[in-house]
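S.K.: Fold the following, please.
(chains A, B, C and D, ligands or ions: 4)
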Amino acid sequence: MNYMIEMFNVWKTYPNGVYALRGINIKIDKGEFVYVVGPSGAGKSTFIKLMYREERLTKGKIFVNGFNVERLKERQIPQLRRNIGVIFQDYRLLPNLNVYENVSFAMEVIEAPKKTIKKRVPEVLELVGLKDKMAALPNQLSGGEQQRVAIARALVNNPAVIIADEPTGNLDPETSWEIMELFEKINFRGTTIVMATHNKEIVDTMKKRVIVIKDGKVTRDEYRGGYSYED
Amino acid sequence: MNYMIEMFNVWKTYPNGVYALRGINIKIDKGEFVYVVGPSGAGKSTFIKLMYREERLTKGKIFVNGFNVERLKERQIPQLRRNIGVIFQDYRLLPNLNVYENVSFAMEVIEAPKKTIKKRVPEVLELVGLKDKMAALPNQLSGGEQQRVAIARALVNNPAVIIADEPTGNLDPETSWEIMELFEKINFRGTTIVMATHNKEIVDTMKKRVIVIKDGKVTRDEYRGGYSYED
Amino acid sequence: MRIRTFGRHLKEGTKNIVRNGWMTFAAVSAVTVTLLILGVFLVLAMNINHIAEVIENQVEITVELDLSIEESQISPIEDQIRNIDGVKSVVFVSKEEGLEQLKERFGEDAYLLEGLEEENPLNDIFIVKAYKPENIDYIAKEITKIDLVTGVDYGKTTVDKLFAVTRWIRHIGLIFVVGLSFTAMFLIANTIKITIYARKREIEIMKLVGATNWFIRWPFFVEGTLLGILGSLVPIVLIVFGYEFLLEKLNSNLTLSFFQLLPLYPLAYQISILLVSIGVFIGVWGSMMSVHRFLKI
Amino acid sequence: MRIRTFGRHLKEGTKNIVRNGWMTFAAVSAVTVTLLILGVFLVLAMNINHIAEVIENQVEITVELDLSIEESQISPIEDQIRNIDGVKSVVFVSKEEGLEQLKERFGEDAYLLEGLEEENPLNDIFIVKAYKPENIDYIAKEITKIDLVTGVDYGKTTVDKLFAVTRWIRHIGLIFVVGLSFTAMFLIANTIKITIYARKREIEIMKLVGATNWFIRWPFFVEGTLLGILGSLVPIVLIVFGYEFLLEKLNSNLTLSFFQLLPLYPLAYQISILLVSIGVFIGVWGSMMSVHRFLKI
Ligand SMILES: Nc1ncnc2c1ncn2[C@@H]1O[C@H](COP(=O)(O)OP(=O)(O)OP(=O)(O)O)[C@@H](O)[C@H]1O
Ligand SMILES: Nc1ncnc2c1ncn2[C@@H]1O[C@H](COP(=O)(O)OP(=O)(O)OP(=O)(O)O)[C@@H](O)[C@H]1O
Ligand SMILES: [Mg+2]
Ligand SMILES: [Mg+2]
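M.R.: Residues are numbered from 1 along each chain as shown, chains lettered A, B, ... in the order given. Ligands and ions are numbered 1, 2, ... in the order given. You can find the predicted model right below:
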């Protein structure tokens, strides 16, 4: 129970019969920084969605931050999720809330004091370079701006783990690097980071642990590895 | 009128007061392959949305494929759009239609014969590597798979122009390259391609015309240019 | 539009009914419930109108003839009355018959009238009925002009009161029916609007992919029609069978057999056609209206 | 839940009413229209019930006393009648008064009764009224047992018929009110469900970000309450003022003044409270029901 994330022989079959994951065994330590790479449709997002129980597994066991994810009671689920900052591949911003409200929502959920919220939200938005877009609604933002709101929301509560599903897919290289530096800094302070990505340059430059998923299986798991998953 | 796309001093201000484009002048020839690059929020998507009149311009003139876009009558708009294959940054698949139906929809719209549709759709899906996902609904696909459906839909009618807004943002490098080769082949057959992208590697490797947009203005327009837009 | 495209729209419209499963269910059930209420009320209003008519038709004019009248003078007067516009029937009641009827009406107290036979104080009378109750007044006036007629009576004040009541009941019924119809239209259209609102984005995407407005509208048109038809089925079945059941129950219950309800046919046909038409009309109209809002891209 | 969180929910719920502008409008107008119909019908049903009661209360028992009765024997009989359960009033009508009334009723034909004064063939009678019309039958039977009472009559067959009619009208009214109430509940809940369905994704996102079920429910609770209140305002105003107007119109119209409608107060309060309660209840219930469906993630 010293690991942040542990998976034992995890299988996931979607209701329509797609075998997304086929026997995953993985251990991620507290404070680690892990890239998850692999071709499109390999199962990276599924792998990630199991951790905060957006999807339920078909077989196996998952422990995240001390929770037995599959055995969680209905009312424990929010507890699990509050310790995880998730950056969704498709952002999932609340369409009726503006940038500020979207980020503050995550703090209201944990019943943070108003004062803390008022101080912290602009801080985080500054970090992702969106301080002048606070009043904009999601559909008034560019793709990359929306992605950065999603990043800000994931960071705002200083969660124990950050799970990021292609957080730089819609960002230009320069902004991507800024975000990666941010992640590195956060990681340095002890936060575990799991990040699915297609960005070869980032993976190859910022050498970290790399987990390669292909066809629902882990085909490589290497510390300080590179992107390429071709044998 | 020999150009495929012409913009004369085009301005776009969004209703909330954001100046997205500030005096764009650009001419794109028939059969050209153009990258549009620039930082997040620079105005690339806006630039692209004006071409098929998803957004209306505030000032200036645009001609696309011989149409005066701003002056178009209500019932001419479909005519304009049928000559343009658009790959949207957020995919915009029809959620109730499966992969096959999403692609065939674009052909039904132009009242193509059933037989042609039946032959052409699987062909295009094969090209983007989704032949075995034809029956899946969009929400049963991975991010990259959805993106490829959007690509297939844009290609299926062999339009005169393809306008692609970050078509490889959620694709792994290998698949990205396959898609780029596909684009090159299509371009070779005479189709004009305008592609907004953040993919430095692609832009630097596949040398084409590069238009750099920054803060709503064209700051560089170079044939066989590279990605970097820092001066 | 080519024929194959028309076929496509038919197919898509039908498929959408299934694809939007939950939404379709919500919309159809709104149509069902609304039309049910409207239908029940229509049947009620039609019957109230019918009963009012039956009551109104029972109004008759009593024409008193001069005491000195000869038997041979009666028939010409009857002809004269018959010739008045709107007269339906004329029945002669001699003074002897009149006394008999009066006695019957007195029942137990008939002994009070004993001895009147010798010098019958009553007049010979005609009982006149009209085709349309509203003509009663005119007919009565015409009869007054006839020679040897000494009195014309139809209980003017009571009848006026009765007509005032039936008129009010009819008005209220009409107001309710009209009000309910508008309400039904509004509620159904409103529900359809919201379900289509959820498909706003879909419609926008279709337009951006190059679909013409009509290409998008047609499947919605088909869908609206089907919604209306599906939504009117249950109300029709319930109302027709419920009404049949009610009629049977009323007929078998003697104390209530004076409730003269309309017969099952043609009422059943009228209601069915009306409900389907309203359902389809509002289904299509609601769909078209709301799709329209989202075509402007 | 901390107080600041409660404040937040209140604020969010209110804001959502504005944020979802179009949807709110659609939902509120569905509530409005449905409650309007329901309210109008309630007022109608309450008045029909009232009128039926008034008519029923006019039923009275005529008690005939022996012809040979002495004046001193009358008062004890009256007391005996008064002591029967459920008797409201007992009025004595002497044979002389009876004849006068009979003559009045005969009107023009009163001359038929001339000469009866000398040897008055009528009985002395009591006119008995009951508190509850349904007790008439029992009271009549009890009176029969009293000495020197020769006849008890309340037009049994006519009254039975009348009661059958009023019972039926009441039943139909009740069925309509219950049916309409369920319909209203269904339609409103249905509309709210659809509007919330459009926010399915929002609710899912909230859950994925770590919100508890109650954190998500509370603003919807507030929203549902507001929806109900907003939706019942217009119906209340329309019904109360409309009813006032109707009463005035009826009172100024002499031919119709026998329509004994319920007074404006307390009816106005009853209807207002009823409509607001129904609106709020269904608003909250509909919201909670539909949010529930989407919390399972
Ligand atoms: N909800 C679902 N129902 C059915 N199949 C699904 C569902 N979600 C994903 N899949 C399938 O599961 C497989 C893995 O999907 P996943 O989203 O995990 O891929 P990925 O590695 O994240 O891909 P990408 O890089 O394109 O995002 C794919 O074949 C996909 O089609
Ligand atoms: N609908 C809108 N309403 C208001 N402002 C908008 C809207 N869409 C975009 N903007 C603003 O216009 C500017 C340009 O946006 P655009 O989407 O064109 O950027 P982009 O270059 O495509 O960025 P990205 O690479 O992040 O997709 C941004 O500042 C954005 O916030
Ligand atoms: Mg993915
Ligand atoms: Mg963009």
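
S.K.: which element is the residue of chain C at minimum distance from chain A on?
M.R.: Residue nearest to chain A within chain C: C:R201 (10.6 Å; CB to the nearest CB). Using the backbone N, CA and C atoms, a C-beta is placed for each residue, glycine as well. In this structure, C:R201 sits in helix C:200-208 according to DSSP states H and E.

S.K.: And chain B, is the next helix-or-strand element following that helix touching that?
M.R.: Moving toward the C-terminus from helix C:200-208, the next helix or strand (DSSP H and E) is helix C:213-252. Yes. Using CB under 8 Å from any CB of the partner chain, helix C:213-252 reaches chain B at C:N213, C:F215.

S.K.: what packs against helix C:213-252?
M.R.: Here helix C:213-252 touches helix C:3-19, helix C:21-57, helix C:156-197, helix C:200-208, helix C:264-294, going by 3 or more CB pairs under 8 Å, 6 or more residues apart in numbering or on different chains; DSSP states H and E.

S.K.: Provide a complete list of residue ranges assigned to helices in chain A.
M.R.: In chain A, the helices defined using DSSP state H lie at A:44-51, A:77-82, A:99-109, A:114-127, A:143-155, A:173-188, A:200-205.

S.K.: I'd like these laid out as a markdown table, including mean pLDDT, mean neighbour count and distance to chain B.
M.R.: Compiled in a markdown table, the helices of chain A are given as follows (pLDDT from 0 to 100; neighbours: other CB atoms under 10 Å in any protein chain shown; distance: least, CB to the nearest CB, whole Å):
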| stretch | mean pLDDT | mean neighbour count | distance to chain B |
| --- | --- | --- | --- |
| helix A:44-51 | 96 | 25 | 6 |
| helix A:77-82 | 94 | 19 | 21 |
| helix A:99-109 | 96 | 23 | 12 |
| helix A:114-127 | 95 | 16 | 14 |
| helix A:143-155 | 96 | 26 | 3 |
| helix A:173-188 | 95 | 17 | 5 |
| helix A:200-205 | 93 | 16 | 5 |
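
S.K.: closest one to D:W168 among these?
M.R.: Closest to D:W168 of the helices of chain A, according to CB to CB: helix A:77-82, at 56.7 Å.

S.K.: Contacts only, for A:K217.
M.R.: By CB atoms under 8 Å, 6 or more residues apart in numbering or on different chains, the contact list for A:K217 reads A:L21, A:R22, A:G23, A:I24.

S.K.: Bridged to it, which residues?
M.R.: The bridge-partner assignment for A:K217, based on DSSP bridges, gives A:K214.

S.K.: Looking at C:I37 now. What's its pLDDT?
M.R.: Looking at C:I37, its pLDDT is 88.

S.K.: Ok, the one 5 residues further on next?
M.R.: The predicted local distance difference test score for C:L42 is 89.

S.K.: Repeat that for C:M46.
M.R.: 89.

S.K.: Ok, C:L113 next?
M.R.: Looking at C:L113, the pLDDT reads 68.

S.K.: what do you get for C:A110?
M.R.: Per-residue pLDDT puts C:A110 at 68.

S.K.: How many residues are close by residue 137?
M.R.: Answering for chain A, as no chain was given. 18 (other CB atoms under 10 Å in any protein chain shown).

S.K.: oops, I was thinking of chain C
M.R.: 16.

S.K.: same question, C:N16
M.R.: C:N16 sits with 19 neighbouring residues when counted by other CB under 10 Å.

S.K.: so what's it up against?
M.R.: B:N96, C:T24, C:P219, C:F220, C:E223.

S.K.: packing partners for the helix holding C:R201?
M.R.: Secondary-structure packing of helix C:200-208 (3+ CB pairs under 8 Å, 6+ apart): helix B:77-82, helix C:213-252, helix C:264-294.

S.K.: where in the stretch 151-297 of chain C is pLDDT low?
M.R.: C:254-259 (pLDDT under 70).

S.K.: Swap in 80 and give it another go.
M.R.: Counting by pLDDT under 80, the ranges of the stretch 151-297 of chain C that qualify are C:154-162, C:164-165, C:250-260, C:297.

S.K.: sorry, back to before: looking at the helices and strands packed on helix C:213-252, which is closest to D:L162?
M.R.: Going by CB to CB, the one of the helices and strands packed on helix C:213-252 nearest D:L162 is helix C:21-57, 15.4 Å.
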